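**Q** structure, please.
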Amino acid sequence: MNSRIPDSSPPQYDDAIVHYRIDSNDVIQFVSPSWDYFAMKNNGGDILAPAVLGRNLWDFVANIETRHVYQTIVDRIRAGQDRAIFPFRCDSPDHRRFMQMEMELAADNGIEFVSEVL
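**A** Numbering: from 1, shown residues only. You can find the predicted model right below:
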């Protein structure tokens, strides 16, 4: 497996890579240090680690279509699909941002997410 997702406690990540983990109930259990950096860089002061940890991931996905696609991918991974890797856009008002998402099963039916700016 040539995954970017770490096997143990994650090290410090490059600022262009954001890593987070949800548990089996889709509650955010971990965000990498780069989460806060990325949020602050994009006017996301209201979604810093203390505000998201312990909350349901889907509370932060406003677009219903995007939420449906991500929930479907999460369900498929939990049902046995190895992992998912796909490109996506994460634009800000003044920036067009192309990224890649990797999602993989974690311990206790959780999901690991790693998103990287391309």
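
**Q** so where is the chain shaky, pLDDT-wise?
**A** 1-15 (pLDDT under 70).

**Q** helices and strands around the helix ranked longest in it, which ones?
**A** Counting residues, the longest helix found in the chain (DSSP state H) is helix 64-78. Applying 3 or more CB pairs under 8 Å, 6 or more residues apart in numbering; DSSP states H and E, we find helix 64-78 packed against strand 83-89, strand 98-105, strand 111-117. The way it works is simple: take the backbone N, C-alpha and C, and place the C-beta from them, glycine included.

**Q** in contact with the closest residue to residue 96 other than its chain neighbours, which residues?
**A** Nearest in space to residue 96, with sequence neighbours left out and distances taken as CB to CB, 6 or more residues apart in numbering, is residue 89 at 7.2 Å. Under the criterion of CB atoms under 8 Å, 6 or more residues apart in numbering, the contact list for residue 89 reads 96-99.

**Q** quick one on the thing from earlier: out of the helices and strands packed on helix 64-78, which one sits most buried?
**A** For those, the largest average neighbour count (mean count of other CB atoms under 10 Å) is found in strand 111-117, namely a mean of 20.
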